[in-house]
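Trainee: Mind looking at a prediction? Sequence and model below.
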Amino acid sequence: MRTGKLWIWLAAFGLGVLASPGPGEGTHEVDHRYLVIGYLQDEQGQPLRRAPVRATRERTGLSYEAATEDNGFYLLVIHLHDDDVGDALRVTAAGATVRVEARFAPWEGRRHRGTRIDFQRGKGRNARSCSFRRWPTI
């Protein structure tokens, strides 16, 4: 009987390990994430729909990808901790790459932090870091 309970426990533990989030998915807390938001437009200022956007952490090489919505808006959620302040990110979209540093105040652990980068085909513009008291409404 004891052996049966042990196998049930081991099976449950194994399923828990298999179902646990992989690398980069620990963004459940504000101080574990960094938002990269913005808009993509073509040369005439029209939104680029379903266009790919990628952010890569220079230190680790981990990449995060998203696609724009119909209005050209994108949101990337990067897994960063307080210790990662100052880490460099390369954000690529619409044929352009922008390098930004993750700037935030680690002691403001309850504020959303991130960077807004707007792209117009071939160039990145309006890159700026910011802290959000709540999720950005754009």
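Mentor: Arrived safely.
Trainee: what about stretch 47-57, start to end distance?
Mentor: Start-to-end span of stretch 47-57 (CA to CA, to the nearest Å) is 26 Å.
Trainee: what does stretch 58-73 give?
Mentor: 24 Å.
Trainee: Repeat that for stretch 51-62.
Mentor: Using CA to CA, the two ends of stretch 51-62 sit 20 Å apart.
Trainee: list the buried ones in it?
Mentor: Ala51, Val53, Ala55, Thr56, Arg57 (16 or more other CB atoms under 10 Å). From N, CA and C alone the C-beta is placed, and that goes for glycine too.
Trainee: Restricted to strands, list these.
Mentor: Mapping these onto strands (DSSP state E) picks out Val53, Ala55, Thr56, Arg57.
Trainee: any idea which of those is closest to Asp42?
Mentor: The nearest member of these to Asp42, counting by CB to CB, is Val53 at 14.6 Å.
Trainee: follow-up on the earlier one: can you tell me which of the buried residues of stretch 51-62 is nearest Ala66?
Mentor: Val53 (5.2 Å).
Trainee: pLDDT weak spots in this protein?
Mentor: 1-28, 109-110, 122-138 (pLDDT under 70).
Trainee: If we use 50, what do you get?
Mentor: 1, 6-24, 128-138 (pLDDT under 50).
Trainee: hmm, back to that, any chance of CSV for the ones in strands among the buried residues of stretch 51-62, columns distance to Leu35?
Mentor: Below are those laid out as CSV (distance: CB to CB, whole Å):
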residue, distance to Leu35
Val53, 12
Ala55, 10
Thr56, 16
Arg57, 14
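Trainee: where do the strands sit along the chain?
Mentor: With DSSP E as the criterion, the chain has strands spanning 33-41, 52-57, 63-67, 73-79, 88-93, 96-101, 112-120, 123-132.
Trainee: Go ahead and name everything in contact with the second one.
Mentor: Put plainly, it is strand 52-57. Defining contact as CB atoms under 8 Å, 6 or more residues apart in numbering, one finds that strand 52-57 is touched by 36, 40, 62-68, 74, 76, 78, 80, 87-93.
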